[in-house]
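A.B. asks: need the 3D shape of this:
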Amino acid sequence: MYTSKEKNFTPVIFSVVLFSLLSFLVVKNVSWFTNLDSWIYQFNWKPNETLTSFVNLFAKTATIVPIFSLSLIVSFVLWKNKHKLLAVWMSSNVLVVSALGFILKNFVARPRPNVEQLAEKSSYSFPSGHSLLAMCLTCSVILIVHTFYPRKTKNYRILKNVLLLYVLLIGLSRIYLRVHYPSDVIAGFLLSFSWVNFSYICLQRLYLNRTFTSREAKKKFVQRTILASLTVLLLAVAGASVYGATVFNNVQKTADKMYQPLNRKTKPAELNNSKPVSFLLLGIANDSKRKTDLRANTIMVVTVNNQLKKTTITSIPRDAYVEIVGKEGVYDKINHAHSFGGDEMMINTVEHYLDIPINHYFVINMDGLAALSDAVGGVTVNNDFEFDAEGIHYPKGEQHLGGWETLQYARMRYEDPLGDYGRQKRQREVTIQLTKELISMKSVFHYQELLDVIGDNGQTDMTLDQMTLLMKNYQKALENIESYQMQGEGFTGDGYTGEEGISYQSISDEEKQKVTSELKKQLNLDAP
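C.D. replies: Residues are numbered from 1 along each chain as shown. Predicted coordinates:
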């Protein structure tokens, strides 16, 4: 017989409000909150190796396998003692909070603290999954014990204190290991507390404190409830499966549309997480007013290295004066290689110039940049100076841009004191922000629009399987992106060095050597 006092929703509402406030501050990246949240990592200290190993081992007790196993054991005992709805409630809590945590992690897409971490993690930071699961188990067990033993006996208080101490230590362990901000841990606690207590109050009012006319009526209610729960679960799984199959089919069609393999000597990367990989990212523009041909106005070499947990984006000036591979010793602007021989000649020229292998390439039509930005809900940039472009005013500082605004922000160069270098800096900024948006869970809600834009404006030599492996195996490196601008000095061609009257960029041997050495380091190659 259940005799527990009926709970109210006040603590749940309070927890939901606090969790929503934390989520807002994290998503909006409010400066004062971010500084406060990362304050603890401003201290430099050398961790004790033995203590770190112990904390790492202790933290693993709050992962999905041990927590769900414990919940199943408790559920088995409850089921055996004829408390079937409580048994289902106990195990379902772990599954529900795990799903909520996974969705929120990918939706918020908050990177881990940018410090040396003492535990390997590949997912996002907010909320803490360990804190979430530990609090879920603790709240569920405490509520079950309180259901049958409402009087706060000494044993009850001891059990409650031990469980709460466990939760607290799990939260502290995630901060000690430097894999979470304090807000991640608190958010995990609040989310679990809210769900477990909300679901328990509903269970109380619908079943635990309900008076049945007979044992048979109570038995039928339990059976119908369990059957209804299983039916809803099966429908949800079936719906998710159908939706997943539809998404996969559409993604495959887009990948097939984009797939343009090249006949090159450099082999594609294996894309296992032990080897770095390189890409050439090209932004192609066609000026319909001047009737120019398709030229690579944006040229970026991207390296992804899981061992260094870093992705680098290196911009090459489009006017860099280099040897064009495949044109018999001709020197010209590097972006003319694309006009002469398309993607293949462009890649070969970059490989030869920087003396590094390019494993894969991505091409995007810059005219599609506006549509891509709109598809992800726009991007947030931090503008260095105030300017106007195409009738749009861009104030100095942080601002959120829509698609057309993003395109003009990335294109403008005449008002920039750095000229084309300033434009390339903004293009790298937009590229980084778009990458973060594309790999976040938020993009799932706009997947069809994204597929249409990418399919119409993108091209690559990567298959869908290769792109999937890249996202799966290199997620940690993709979260940490650094950028660099290759610097040159402008000169005007005289008919001997460059075409007469045409502007070029001369890259010094020292600058070229510096960039090449850094790229080789990223690719685990011996520097020259």
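A.B. asks: alpha carbons of stretch 372-388, as PDB, please.
C.D. replies: Provided in PDB are the C-alpha atoms of stretch 372-388 (Å, rounded to 0.1, in the frame of the first residue of the first chain):
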ATOM      1  CA  LEU A 372      23.200  28.400 -46.700                       C
ATOM      2  CA  SER A 373      23.300  31.100 -44.000                       C
ATOM      3  CA  ASP A 374      19.500  31.400 -44.100                       C
ATOM      4  CA  ALA A 375      19.100  27.700 -43.800                       C
ATOM      5  CA  VAL A 376      21.000  27.500 -40.500                       C
ATOM      6  CA  GLY A 377      19.200  30.600 -39.100                       C
ATOM      7  CA  GLY A 378      22.000  33.100 -39.800                       C
ATOM      8  CA  VAL A 379      25.400  33.400 -38.300                       C
ATOM      9  CA  THR A 380      26.800  35.600 -35.500                       C
ATOM     10  CA  VAL A 381      30.000  37.500 -36.300                       C
ATOM     11  CA  ASN A 382      32.200  40.000 -34.500                       C
ATOM     12  CA  ASN A 383      32.900  42.900 -36.900                       C
ATOM     13  CA  ASP A 384      36.200  44.700 -36.500                       C
ATOM     14  CA  PHE A 385      35.100  48.100 -37.800                       C
ATOM     15  CA  GLU A 386      31.900  49.900 -39.000                       C
ATOM     16  CA  PHE A 387      31.200  49.900 -42.800                       C
ATOM     17  CA  ASP A 388      28.400  49.800 -45.400                       C
END
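A.B. asks: give the buried residues for it.
C.D. replies: The neighbour-count check on stretch 372-388 (16 or more other Cβ atoms under 10 Å) flags 372-376, 378-379, 381, 383, 387 as buried. The C-beta positions use only the backbone N, C-alpha and C, and glycine is treated the same way.
A.B. asks: do stretch 346-364 as well
C.D. replies: Residues of stretch 346-364 classed as buried: 346-351, 353-354, 356-364 (neighbour count, 16+ other Cβ under 10 Å).
A.B. asks: ok, Thr266 to Asn359 distance?
C.D. replies: From Thr266 across to Asn359, the span is 7 Å (Cβ to Cβ, to the nearest Å).
A.B. asks: got it, and Ile284?
C.D. replies: Shown here: Ile284 relative to Asn359, a distance of 20 Å by Cβ to Cβ.
A.B. asks: same question for Ile334.
C.D. replies: Separation of Ile334 from Asn359 (Cβ to Cβ): 19 Å.
A.B. asks: which parts of the chain are strands?
C.D. replies: 277-285, 295-305, 310-315, 321-323, 331-333, 360-365, 379-383, 387-389, 392-394, 397-401, 458-460, 481-485, 489-492, 503-506 (DSSP state E).
A.B. asks: I'd like to know which elements the third one is packed against.
C.D. replies: Okay, so that is strand 310-315. The contact analysis (3 or more Cβ pairs under 8 Å, 6 or more residues apart in numbering; DSSP states H and E) places strand 310-315 against strand 295-305, helix 420-438, helix 475-479, strand 481-485, helix 509-522.
A.B. asks: including distance to Trp195, could these go into CSV?
C.D. replies: Formatted as CSV, the helices and strands packed on strand 310-315 follow (distance: least, Cβ to Cβ, whole Å):
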stretch, distance to Trp195
strand 295-305, 36
helix 420-438, 28
helix 475-479, 27
strand 481-485, 34
helix 509-522, 43
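A.B. asks: relative to Glu270, which of those is closest?
C.D. replies: For Glu270, the closest of the helices and strands packed on strand 310-315 is strand 295-305, at 12.8 Å, according to Cβ to Cβ.
A.B. asks: from the chain's centroid, how far away is the closest one?
C.D. replies: Distance, stretch centre to chain centre, for strand 295-305: 21 Å (Cα atoms, centre = their mean, to the nearest Å).
A.B. asks: from the buried residues of stretch 346-364, which land in helices?
C.D. replies: Per DSSP state H, helices hold the following members of the buried residues of stretch 346-364: 346-351, 353-354.
A.B. asks: and the two most separated of the residues you listed?
C.D. replies: Met346 and Leu354 (12.6 Å).
A.B. asks: quick one: contacts of stretch 325-335?
C.D. replies: 295-297, 299, 316-324, 337, 340-341, 345-346, 348-353, 497-499, 502, 504 (Cβ atoms under 8 Å, 6 or more residues apart in numbering).
A.B. asks: could you check how far the helix of greatest length in the chain is from the centre of its chain?
C.D. replies: Assignment by DSSP H gives helix 215-258 as the longest helix of the chain. Mean C-alpha position of helix 215-258 versus that of the full chain (Cα atoms, centre = their mean) differs by 26 Å.
A.B. asks: just checking, what packs against it?
C.D. replies: When contacts are defined as 3+ Cβ pairs under 8 Å, 6+ apart, helix 215-258 packs onto helix 84-108, helix 447-457, strand 458-460, helix 464-473.
A.B. asks: could you give the mean pLDDT of it?
C.D. replies: For helix 215-258, the mean pLDDT works out to 75.
A.B. asks: now the ones in helices among the buried residues of stretch 346-364 in TSV, with distance to Asp37?
C.D. replies: Listed next are these as TSV, based on distance: Cβ to Cβ, whole Å:
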residue	distance to Asp37
Met346	43
Ile347	42
Asn348	47
Thr349	46
Val350	41
Glu351	43
Tyr353	43
Leu354	39
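A.B. asks: could these go into JSON lines alongside pLDDT and distance to Tyr474?
C.D. replies: What follows is these, written out as JSON lines (pLDDT from 0 to 100; distance: Cβ to Cβ, whole Å):
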{"residue": "Met346", "pLDDT": "90", "distance to Tyr474": "24"}
{"residue": "Ile347", "pLDDT": "91", "distance to Tyr474": "20"}
{"residue": "Asn348", "pLDDT": "92", "distance to Tyr474": "25"}
{"residue": "Thr349", "pLDDT": "93", "distance to Tyr474": "26"}
{"residue": "Val350", "pLDDT": "93", "distance to Tyr474": "21"}
{"residue": "Glu351", "pLDDT": "92", "distance to Tyr474": "21"}
{"residue": "Tyr353", "pLDDT": "92", "distance to Tyr474": "25"}
{"residue": "Leu354", "pLDDT": "92", "distance to Tyr474": "21"}
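A.B. asks: what's the closest of those to Asn161?
C.D. replies: Here the nearest of those to Asn161, counting by Cβ to Cβ, is Leu354; it sits at 61.8 Å.
A.B. asks: any idea of the pLDDT on the nearest residue to that closest one once chain neighbours are set aside?
C.D. replies: Leaving aside its chain neighbours, Leu354 sits nearest to Thr516 (5.3 Å; criterion: Cβ to Cβ, 6 or more residues apart in numbering). pLDDT, Thr516: 92.
A.B. asks: touching, Thr516 and Asp355? I think so.
C.D. replies: Yes - shown here, Thr516 and Asp355 form a contact pair, counting by Cβ atoms under 8 Å, at 5.6 Å.
A.B. asks: surely Ile299 and Ile284 touch.
C.D. replies: No - applying Cβ under 8 Å as the test, Ile299 and Ile284 come out as separate, 10.3 Å apart.
A.B. asks: more crowded one of these two?
C.D. replies: Between Ile299 and Ile284, counted using other Cβ atoms under 10 Å, the more crowded position is Ile299 (25 against 22).
A.B. asks: quick one, what contacts the more buried one?
C.D. replies: Ile299 makes contact with 280-283, 315-318, 334-335, 346, 350 under the criterion Cβ under 8 Å, 6+ apart.
A.B. asks: what's stretch 414-426 in contact with?
C.D. replies: With Cβ under 8 Å, 6+ apart as the criterion, stretch 414-426 contacts 298, 315, 317-319, 381, 384-385, 387-389, 409-413, 483, 485, 487.
A.B. asks: for Ala62, the count of nearby residues, please.
C.D. replies: 26.
A.B. asks: that one contacts Cys136, correct?
C.D. replies: No - Ala62 lies out of contact with Cys136 (Cβ under 8 Å); the separation is 9.6 Å.
A.B. asks: residues near Thr468, how many?
C.D. replies: The burial count for Thr468: 14, using other Cβ under 10 Å.
A.B. asks: ok, Val302 touching Thr311?
C.D. replies: Yes - with contact defined as Cβ under 8 Å, Val302 reaches Thr311; the gap is 6.7 Å.
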